[in-house]
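J.: Return atomic coordinates for the entry below.
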Amino acid sequence: MMAKYPNLELIEYKFKQFVFSEGAEILKNACFLKFRADTFMQTWADTATGFNLKRGFAGQAFTDEYTTVMEMRWCVYEEDDKRKWHDSKDVIYGVFFGNELAYLFINPKEQFFEDLKNRRMLAQREAMETYDSLDGEADEVKLKEEE
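T.: So this is what the prediction gives:
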């Protein structure tokens, strides 16, 4: 079966909604946002694709699914002068399989970028263990909750 093309406008909308609902503190004093999307096909060993944490049963069939990695950068106003701003040091990345958010990282480890370059992002469970942020402090992994 052919994989459906991802709806990039929907993915960007979902990414923004999730980041703004969960990341209010990190976006304090943000003055404008910059988004970038990178989309590519991945083949998975079963029909759960990269959602190996919350899916119930999955068929044992190779399954193609589009992966979209969203990148969000922003500028920050200076505390004492709202006319001055600079680029934030933080970058947020969201990984979608199909049109669904699988995970989100702030400043992930280098392995994330290596996998992105190789067009082979990890599934949820492996991503939690491998891509966690460089400083390991306030940065969190957010996983899509099944309804």
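
J.: Not counting residues beside it along the chain, what's closest to L122?
T.: In this structure, L122 finds its nearest non-sequential neighbour in T130, 5.9 Å apart by CB to CB, 6 or more residues apart in numbering. (Each C-beta comes from the backbone N, C-alpha and C, glycine too.)

J.: how much space is there between I106 and W74?
T.: Separation of I106 from W74 (CB to CB, to the nearest Å) stands at 12 Å.

J.: what do you get for L116?
T.: As for L116, its distance to W74 is 20 Å (criterion: CB to CB).

J.: Could you do L101 as well?
T.: With distances taken as CB to CB, L101 is found 19 Å from W74.

J.: Heading C-terminal from the strand or helix carrying Q17, find the next helix or strand.
T.: In the assignment (DSSP states H and E), Q17 maps to helix 8-22. Using DSSP H and E, the helix or strand that follows helix 8-22 towards the C-terminus is strand 30-44.

J.: residues near M2, how many?
T.: Each residue near M2 was counted by other CB atoms under 10 Å, and the total is 5.

J.: how close does it sit to T67?
T.: In terms of CB to CB, M2 sits 16 Å off from T67.

J.: S88 too?
T.: The gap separating S88 from T67 is 25 Å, by CB to CB.

J.: Okay, the residue nearest to the spatial centre of the chain and T39: tell me how far apart.
T.: In the chain, the residue lying closest to the centroid (CA atoms, centre = their mean) is G94, at 1.0 Å. Going from G94 to T39 by CB to CB gives 13 Å.
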